[in-house]
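S.K.: prediction below, plus the sequence it came from.
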Amino acid sequence: MQNTADVADSPPGETKLSITPYLLFIYFSAVPALFFYLPGQYEEAVATLVFACALAVAWLAISYLMEFVPINPVITKVLSTLFHTLFVTMGVLHLTVYLYFHQEVTVNTYFILFETNLNEVTETVAMYFDHRSIYLALFVGLPFIAREIAGRMSGTPDTLKFLAVALVVLMLVHVTGLTDSLRLKHNPVTLFLAAIIQYQEEIESYRRITAEQDAGTDIQSISKAERNLYVLVMGESTSRNHMSLYDYDRNTNPRLTELADELHVFTDVVSPHSHTIPVFKKALFLREGEPSEDWADAQTLISLFKDAGFKTIWLSNQEQFSVYGNVVDSIASQADVRIYTGDSAEEKSVSYDEKLLPILDDVLTEDTSPNKFILIHLIGTHAAYDRRYPPAYDQFDAASVAAKGRDFLNTDRNALISFYDNAVLYNDHIVAEIIERIRRQEQNGYVLYLSDHGEEVFEQRNFAGHVNGSLKLTPFDLIPAVQN
């Protein structure tokens, strides 16, 4: 039985199409962007609506022509379901990014989604699930509710009228004079397709990085000391604004403060990005400027130490996430030894960084290589914050949070701030333990700790997390850097 909301009864020889799918497409494509742009960027809002209408007209034309082509109804149904699902998903994604992060969806947004894992997704959903989820539910359900109320919304498209509408829309598109980049931004379909294409190029780059270790290079030792031990500790989502080592009002760094006379505390280090993948592209590849198309051909920090005759070791408390791999694991694949502790299905959400310490002990005592470079990748203070530390480090509570003029704070937000500060306190313990272990080796070298990016936890606005920053320095740009 046919859905009366989609197809109307038609006399023999007369074709009838439902306009409902096209209205749904305009709704799911344009509404999220209108929410984002209308507060002040009217030209952007108009461009978004125009492109959504243009795509709907193009889709309507294709559907109209398909009425004259004999196609299996099952195939038509599958394609229709696929397109509807795609449009709804993209619309929800656009509105979600706007509501929670006050940003627009870009190709990089899809990159982040492609390279995440189920554990990170569930933790993020748990952290951000609040009243805004009701808006998302209404956004998805509203057009379907309206369709039921409106009943049949079908009619017979007249070819001449259709061509007239298409001509008007195309003229509007031409008048906007938008560049290719803006067309991509306002076109959810081409944005998604562009993300797929560019991500395939990323995957090929990852393969080139991985293959480099098999190609073989001439090893030339440049070390003059007999025994060398260099350790790079890469933290995660840790902002120096929440470290007492940088004058934060809570004592979140008691261990590192005790070691302060032995440390060089950098105060002018900023992160180049607010997400891990692009940070590693810039921090661990030996090249200047922004990554170009051939970024994967540059030498990495791991391969540099290998060329210098060092045994390279990668220890990580993060998962080897993403089905297709990512730049982090691609760099790690160049190391002589790779050990991950964040892959346990039973402990994904509570994989504390202390799991790395006994492994580090084994590496230091059992590996007799005279020269070693060890990169330790922590889970650090990544959301969800309350899962990043054991109960012994639950030292700060919501009641002790100082308002400092932030009238948007409440009990729940104060609790989240305290969760984060507890995670920073535990991170202080982990970094200090690593420094102590390396110091006992009495070898030439150092420990360098820095975070990939920082985190904003209700410092300047009602927001917790990390998103792309502007030219102005933000809490997720300001990262700690400490050298022993």
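M.R.: It's in. Residues are numbered from 1 along each chain as shown.
S.K.: okay, buried residues for stretch 306-321 please.
M.R.: Across stretch 306-321, burial judged by 16 or more other Cβ atoms under 10 Å covers 306, 308, 310-321. Any C-beta I mention is one placed from the backbone N, CA and C, and that applies to glycine too.
S.K.: any weak-confidence spans in the stretch 151-300 of the chain?
M.R.: Scanning the stretch 151-300 of the chain for pLDDT under 70 picks out the ranges 151-191, 193, 206, 210-224, 288-295.
S.K.: would you map the helices across it?
M.R.: Under the criterion DSSP state H, counting those that start in this stretch, helices of the stretch 151-300 of the chain are mapped to 159-176, 180-186, 188-215, 254-258, 276-283.
S.K.: now do the contacts for the residue nearest to Phe266 when sequence neighbours are not counted.
M.R.: Computed as Cβ to Cβ, 6 or more residues apart in numbering, the closest residue to Phe266 that is not its neighbour in sequence is Ala481, at 3.8 Å. Counting by Cβ atoms under 8 Å, 6 or more residues apart in numbering, Ala481 touches 265-266, 269, 448-450.
S.K.: can you pick the most crowded of these?
M.R.: The most crowded member of those, judged by other Cβ atoms under 10 Å, is Tyr449 (25 neighbours).
S.K.: what's the pLDDT at that one?
M.R.: Note for Tyr449: predicted pLDDT of 95.
S.K.: so it makes contact with Ile479?
M.R.: No. Contact status for Tyr449 versus Ile479: not in contact, 10.1 Å apart, counting by Cβ atoms under 8 Å.
S.K.: can you list residues touching both of the two?
M.R.: Between them, Tyr449 and Ile479 share these contacting residues under Cβ under 8 Å, 6+ apart: Gly235.
S.K.: give me the distance between Ile434 and Phe280.
M.R.: Remark: distance between Ile434 and Phe280 (Cβ to Cβ, to the nearest Å) = 20 Å.
S.K.: quick revisit: could the contacts of Ala481 go into TSV alongside distance to Leu259?
M.R.: Converted to TSV, these look like this (distance: Cβ to Cβ, whole Å):
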residue	distance to Leu259
Val265	10
Phe266	15
Val269	18
Leu448	14
Tyr449	11
Leu450	16
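S.K.: among the buried residues of stretch 306-321, which are located in helices?
M.R.: Lys306 (DSSP state H).
S.K.: which one of the buried residues of stretch 306-321 is nearest to Val88?
M.R.: Comparing the buried residues of stretch 306-321 against Val88 with Cβ to Cβ places Phe321 closest, at 25.8 Å.
S.K.: where along the stretch 351-484 of the chain do the helices fall?
M.R.: 356-366, 411-439.
S.K.: which among those helices is found nearest to Val121?
M.R.: With Cβ to Cβ, the closest approach to Val121 among those belongs to helix 411-439: 18.9 Å.
S.K.: pull the number of nearby residues for Gln299.
M.R.: By other Cβ under 10 Å, 16 other residues sit near Gln299.
S.K.: contacting residues around it?
M.R.: Gln299 neighbours (Cβ under 8 Å, 6+ apart): 285-286, 307.
S.K.: mind running it again at 7 Å?
M.R.: The contact partners of Gln299, by Cβ atoms under 7 Å, 6 or more residues apart in numbering, come to Leu286.
S.K.: now Phe129
M.R.: By Cβ under 7 Å, 6+ apart, the contact set of Phe129 is empty.
S.K.: which among the helices of the stretch 351-484 of the chain is found nearest to Phe83?
M.R.: Among these, helix 411-439 comes nearest to Phe83, with 39.0 Å by Cβ to Cβ.
S.K.: just the mean pLDDT for that closest one, thanks.
M.R.: The average pLDDT within helix 411-439 is 95.
S.K.: by how many degrees do that helix and helix 356-366 diverge?
M.R.: Angle between the axes of helix 411-439 and helix 356-366 is 10 degrees (criterion: axes from the mean of the first three to the mean of the last three Cα atoms, to 10 degrees).
S.K.: so what does helix 411-439 touch, helix or strand wise?
M.R.: Judged by 3 or more Cβ pairs under 7 Å, 6 or more residues apart in numbering; DSSP states H and E, helix 411-439 is in contact with strand 228-235, helix 254-258, helix 356-366, strand 444-451, strand 456-457.
S.K.: for Glu204, find the nearest of the ones you listed.
M.R.: Nearest of the helices and strands packed on helix 411-439 (Cβ to Cβ): strand 228-235, 25.0 Å.
S.K.: so in that sheet, which strands flank that closest one, and in what orientation?
M.R.: Sheet pairing of strand 228-235 (DSSP bridges) gives strand 371-377 (parallel), strand 444-451 (parallel).
S.K.: tell me the most buried of those?
M.R.: Highest mean neighbour count among the strands paired with strand 228-235 (mean count of other Cβ atoms under 10 Å): strand 371-377, with a mean of 24.
S.K.: touching it from outside, list them.
M.R.: Under the contact criterion Cβ under 7 Å, 6+ apart, strand 371-377 has outside partners 223, 227-234, 305, 309-318, 356, 363, 434.
S.K.: in CSV, could you pull the C-alpha coordinates for stretch 239-259?
M.R.: Extracted in CSV, the C-alpha atoms of stretch 239-259 (Å, rounded to 0.1, in the frame of the first residue of the first chain):
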residue,chain,number,x,y,z
SER,A,239,45.2,23.4,29.9
ARG,A,240,47.8,25.3,31.9
ASN,A,241,45.0,27.5,33.1
HIS,A,242,44.1,24.7,35.5
MET,A,243,47.6,24.0,36.7
SER,A,244,48.9,25.5,40.0
LEU,A,245,52.3,25.4,38.4
TYR,A,246,51.0,28.2,36.3
ASP,A,247,49.3,30.0,39.3
TYR,A,248,45.9,28.4,39.2
ASP,A,249,44.2,28.9,42.6
ARG,A,250,43.7,25.2,43.3
ASN,A,251,46.7,23.1,44.2
THR,A,252,46.5,20.8,41.2
ASN,A,253,50.3,20.3,40.9
PRO,A,254,51.8,19.4,44.3
ARG,A,255,54.2,16.9,42.8
LEU,A,256,55.6,19.1,40.0
THR,A,257,55.8,22.0,42.4
GLU,A,258,58.1,20.0,44.6
LEU,A,259,60.3,19.4,41.5
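S.K.: and that stretch, which residues are buried?
M.R.: By neighbour count on 16+ other Cβ under 10 Å, the buried set for stretch 239-259 is 239-245, 248, 250, 252-253, 255-257, 259.
S.K.: with stretch 275-288 instead?
M.R.: Using 16+ other Cβ under 10 Å as the test for burial, stretch 275-288 gives 275-285.
S.K.: can you check stretch 423-438 too?
M.R.: For stretch 423-438, by 16+ other Cβ under 10 Å, it's 423-435, 437-438.
S.K.: for Ser418, state which of the buried residues of stretch 306-321 is nearest.
M.R.: Nearest to Ser418 among these, with distances taken as Cβ to Cβ, is Asn317, at 22.6 Å.
S.K.: show me what contacts that closest one?
M.R.: Contacts for Asn317 (Cβ under 7 Å, 6+ apart) come out as 341-342, 351, 353, 355-356, 377-379.
S.K.: not counting sequence-adjacent ones, nearest residue to Pro254?
M.R.: Asp428 (6.7 Å).
S.K.: I'm done for today, thanks for sticking with me.
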